[in-house]
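Trainee: return atomic coordinates for the entry below.
(2 chains)
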Amino acid sequence: MSSSAYVQLVDLVKHFGKVKALDGLTIDIAEGELVALLGPSGCGKTTALRALAGLQGLDRGQMIVDGKDVTFQSANKRGMGMVFQAYSLFPHMTARENVEYGLKLRANKITTDKRKARSGELLDLVGLSTHVNHYPYQLSGGQQQRIALARALAISPKVLLLDEPLSALDAKVRTQLREEIRRIQVELGTTTLFVTHDQEEALSIADRVGVMRNGVLEQIAAPAELYDRPNTAFVAEFVGLTNPIAGKVSSGTIEILGGVVKTLPGSITSGNGIALVRPESLDVVASKSGNATVFSASFLGATCRLSISLNDGTRVTAQLPSPDAAGLGAGAPVKVSLLDMPVFVKAAG
Amino acid sequence: MKQSMGVRLWRWTIISFVALYLLVPLYAMFDFSTKPFGFADKGRTFRAWTMIASQPDLLAAISRSLITAAIVMALILFMIVPTAIWVHLKLPVLRRPFELLCLLPLAIPAIVIVVGIAPLYRWISININESPITLAGVYSMLILPYTYRSLSAALDAVDIHTLAEAATTLGASISRVIFGIIMPTIKTGIVNGSFIAIALVLGEYTISNILNFKTFQVVIAQIGRQNGNVAVAVSLASLLFVIFLLLIIPTKKRQGAVLDVDIA
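Mentor: Numbering: from 1, shown residues only, chains lettered A, B, ... in the order given. Predicted coordinates:
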């Protein structure tokens, strides 16, 4: 546990009946950092977020925010700003009234003018200064979530908690809004915990991403490190695409596709293993005496994704820059080899 | 797209039938109340209407019933609504038992209820107060099936859990959540439930009559025994008054159960 951490979640445990939602979860978050919790449904990421918000009790564990133990503090006293997955604007209030709601409840009440100025400033920040008098039913889903974000930020929260706020939106709005969330978070420097099951969302906006499974934090790292250097087979397989290719492991290396590459820490150290190879780690060149045949090719713009059938029958996916994939259509004989990048290897079977 | 002639005709036929169904009894009441009675009258007369004001006990009965209705309204707003919200929010496991409990007054005949509560009301009359306003207690029980169903439907239509949690994280206490967030959100349900409750309170006869309380309906029945025309005139006047109230209550478009509408 780092002493410089602004938020410390220490050994959080929570059961729902026989299901262990959190199993000793420990995370440190630095001030101003955006940490995303990523994982499949039921992995405990939302439970962790709700526990930090004070909306979920714990069986065990401690939560410290800005040096103060908040474990037993009630939710309405914690000063957390939260944006929910479901639209949560108060339907009988206008956008401005929604944003001002938290300010009105502050113990040290601020004047109406200051409150109006603050709400105007935040509505401007989320790009909805022209919608101040609109009711929620007059706003689109994306606009409602922006107002919800402004409302959460209005109280200058100690931590901004985002519980899959984009999952109800369509793809285009989702991409726009996630970029806006990041811009606003950086601009205000608000410490943020973001929960999502969408890896693209997590990897694109977070300073660090924590991958959870069965209530346990499998790995927390910067997006690039998580992608390139997964600590566990689950992280390697959950984050991004992988090709499982069998090979023999010995002294920190694995022999696959006619070459030898280093294995990542956490991999098995000897015996037969399955290397989890990223599509970008495969090099594909046209060759009549190659070891594979292109099964199908998908043009993705800057890159091209090839589905390739190796001579031993294994099907792999490779991703190449589009110019390199020119002429590699279905049925083309190719030589597939591995770039010199370390891979994670799990035990075979 | 223009509606076809057939659809419009069908629609207006239905509207006309419903209008006739509602208006014919009103017209019949008006017709009856303006019919001559006594030897002096010839043709149409408004004597029954002019006699309303001179009816002994009528004004007192109306004010008693209205005060009782107001007390019942207060009980709905400060007891039944918060309880229903609390059960939905915090005790979902009690939803079914609570619903069953609320349906009981519907299942038990009014006469059985009266027999059951008569000794209690005797005790109340002797030891506390013999005002008919104490009927608010039994009425607040009678209205439960209608009010609770209306509230429950309104609560089910909105994601009150998320709204409550959003308000809580912003610093709201549970009372603020209930009275400041959830209640305005389910306003339509509360208003509907309250209207049904008021209608029931103002129209209830069996219990108040058996318990010997002179409420609005009891006095109308008494007038009816003396002069049917005046009783019908009073009934029609009260109906028109309620219709007038319904028409002047402002209807706002903004309300709770519209969260999913996306027009922007």
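Trainee: use CA for all of it now, contacts and neighbours both
Mentor: Noted.
Trainee: next, the contact list for residue 174, please.
Mentor: No chain specified, so I'll use chain A. Under the criterion of Cα atoms under 8 Å, 6 or more residues apart in numbering or on different chains, the neighbours of A:R174 are A:G142, A:L166, A:S167.
Trainee: wrong one, chain B
Mentor: For B:I174, the contact set (Cα under 8 Å, 6+ apart) comprises B:T168.
Trainee: that one and A:N133, how far apart?
Mentor: 27 Å (Cα to Cα, to the nearest Å).
Trainee: one step back: could I have the buried ones of the contacts of A:R174 as PyMOL selection syntax?
Mentor: The PyMOL selection below is limited to those of the contacts of A:R174 classed as buried (16 or more other Cα atoms under 10 Å in any protein chain shown):
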select buried, chain A and resi 142+166+167
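Trainee: go back to the contacts of A:R174 and keep what's next to chain B.
Mentor: Of the entries in those, none also sits close to chain B under the rule Cα under 8 Å from any Cα of the partner chain.
Trainee: between the contacts of A:R174, which sits nearest chain B?
Mentor: A:G142 (9.6 Å; Cα to the nearest Cα).
Trainee: residues from the stretch 151-300 of chain A in reach of chain B?
Mentor: A:A152, A:I155.
Trainee: point out where the stretch 151-300 of chain A drops to low pLDDT.
Mentor: Under the criterion pLDDT under 70, no range of the stretch 151-300 of chain A is flagged.
Trainee: show me what residue of chain B gets nearest to chain A.
Mentor: Counting by Cα to the nearest Cα, chain B gets nearest chain A through B:G171, at 4.0 Å.
Trainee: ranges for the helices of chain A?
Mentor: Assigned helices in chain A, in chain order: A:45-53, A:95-104, A:112-125, A:141-154, A:171-188, A:199-205, A:223-228, A:233-238 (criterion: DSSP state H).
Trainee: correct me, but B:A167 touches B:I178?
Mentor: No - counting by Cα atoms under 8 Å, B:A167 stays clear of B:I178, with 10.0 Å between them.
Trainee: which one of the two is surrounded by more residues?
Mentor: B:A167 (29 against 22; other Cα atoms under 10 Å in any protein chain shown).
Trainee: which ones are touching the nearest residue to A:D66 once chain neighbours are set aside?
Mentor: Spatial nearest neighbour of A:D66, chain neighbours left out: A:Y6 (4.9 Å); criterion: Cα to Cα, 6 or more residues apart in numbering or on different chains. With contact taken as Cα under 8 Å, 6+ apart, A:Y6 is in contact with A:D28, A:I29, A:A30, A:E31, A:I64, A:V65, A:D66, A:G67.
Trainee: distance of A:Y6 from A:E187?
Mentor: A:Y6 sits at a distance of 18 Å from A:E187 (criterion: Cα to Cα).
Trainee: now do the same contact list for the residue lying closest to A:P40 once chain neighbours are set aside.
Mentor: Excluding its sequence neighbours, the residue lying closest to A:P40 (Cα to Cα, 6+ apart) is A:H197, at 5.9 Å. Listed by Cα under 8 Å, 6+ apart, the contact set of A:H197 reads A:L38, A:G39, A:P40, A:S41, A:E164.
Trainee: between the residues you listed, which is closest to A:G102?
Mentor: A:E164 (21.3 Å; Cα to Cα).
Trainee: for the closest one, give me its contacts.
Mentor: Contacts of A:E164 (Cα under 8 Å, 6+ apart): A:F84, A:Q85, A:F194, A:V195, A:T196, A:H197.
Trainee: got it, and A:I308?
Mentor: A:A292, A:T293, A:V294, A:F295, A:S296, A:R315, A:V316, A:T317, A:A318.
Trainee: if any of those residues are buried, put those into a ChimeraX selection.
Mentor: Command for ChimeraX that selects the buried part of the contacts of A:I308, burial taken from 16+ other Cα under 10 Å:
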select /A:292,293,294,295,296,315,316,317,318
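Trainee: mind putting the contacts of A:I308 into JSON lines with distance to A:S119?
Mentor: Converted to JSON lines, the contacts of A:I308 look like this (distance: Cα to Cα, whole Å):
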{"residue": "A:A292", "distance to A:S119": "61"}
{"residue": "A:T293", "distance to A:S119": "60"}
{"residue": "A:V294", "distance to A:S119": "57"}
{"residue": "A:F295", "distance to A:S119": "56"}
{"residue": "A:S296", "distance to A:S119": "54"}
{"residue": "A:R315", "distance to A:S119": "55"}
{"residue": "A:V316", "distance to A:S119": "53"}
{"residue": "A:T317", "distance to A:S119": "50"}
{"residue": "A:A318", "distance to A:S119": "49"}
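Trainee: of the contacts of A:I308, which belong to strands?
Mentor: If you go by DSSP state E, the contacts of A:I308 have A:A292, A:T293, A:V294, A:F295, A:S296, A:R315, A:V316, A:T317, A:A318 in strands.
Trainee: tell me the buried residues in the helix or strand containing B:V87?
Mentor: Per DSSP states H and E: B:V87 is located in helix B:81-90. Under the neighbour-count criterion of 16+ other Cα under 10 Å, helix B:81-90 has B:V81, B:P82, B:T83, B:A84, B:I85, B:V87, B:H88, B:L89 buried.
Trainee: out of these, which one sits closest to A:K288?
Mentor: Relative to A:K288, the closest of the buried residues of helix B:81-90 is B:L89; by Cα to Cα it sits at 68.5 Å.
Trainee: so the closest one touches B:I160, yeah?
Mentor: Yes - judged on Cα under 8 Å, B:L89 makes contact with B:I160 at a distance of 7.3 Å.
Trainee: sorry, back to before: pLDDT of the helix holding B:V87, averaged?
Mentor: Mean pLDDT, helix B:81-90: 92.
Trainee: how far does that helix sit from its chain's centre?
Mentor: Computed by Cα atoms, centre = their mean, to the nearest Å, the chain-centroid distance of helix B:81-90 equals 21 Å.
Trainee: other residues contacting the helix or strand just after that helix?
Mentor: Sequence-wise, the next helix or strand downstream of helix B:81-90 (DSSP H and E) is helix B:95-107. Helix B:95-107 is contacted from outside by B:V87, B:H88, B:M141, B:L142, B:I143, B:L144, B:P145, B:Y148, using Cα under 8 Å, 6+ apart.
Trainee: name the helices or strands packed onto whichever helix or strand comes after helix B:95-107?
Mentor: Next along the chain after helix B:95-107, taking DSSP H and E as the criterion, comes helix B:110-127. Here helix B:110-127 touches helix B:206-210, going by 3 or more Cα pairs under 8 Å, 6 or more residues apart in numbering or on different chains; DSSP states H and E.
Trainee: give me the buried subset of the contacts of A:H197.
Mentor: A:L38, A:G39, A:P40, A:E164.
Trainee: now intersect those with the strands, please.
Mentor: Reading strands off these with DSSP E, I get A:L38.
Trainee: identify the residues contacting the residue of the stretch 51-200 of chain A found nearest chain B.
Mentor: The stretch 51-200 of chain A approaches chain B most closely through A:N76 (4.0 Å), counting by Cα to the nearest Cα. For A:N76, the contacting residues are A:G54, B:T168, B:T169, B:L170, B:G171, B:A172, B:S173, by Cα under 8 Å, 6+ apart.
Trainee: hmm, 6 Å instead?
Mentor: Shown in contact with A:N76 (Cα atoms under 6 Å, 6 or more residues apart in numbering or on different chains): B:T168, B:T169, B:G171, B:A172.
Trainee: any chance of the helices of chain A in CSV, with distance to B:F216 too?
Mentor: Formatted as CSV, the helices of chain A follow (distance: least, Cα to Cα, whole Å):
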stretch, distance to B:F216
helix A:45-53, 54
helix A:95-104, 44
helix A:112-125, 48
helix A:141-154, 49
helix A:171-188, 60
helix A:199-205, 66
helix A:223-228, 75
helix A:233-238, 72
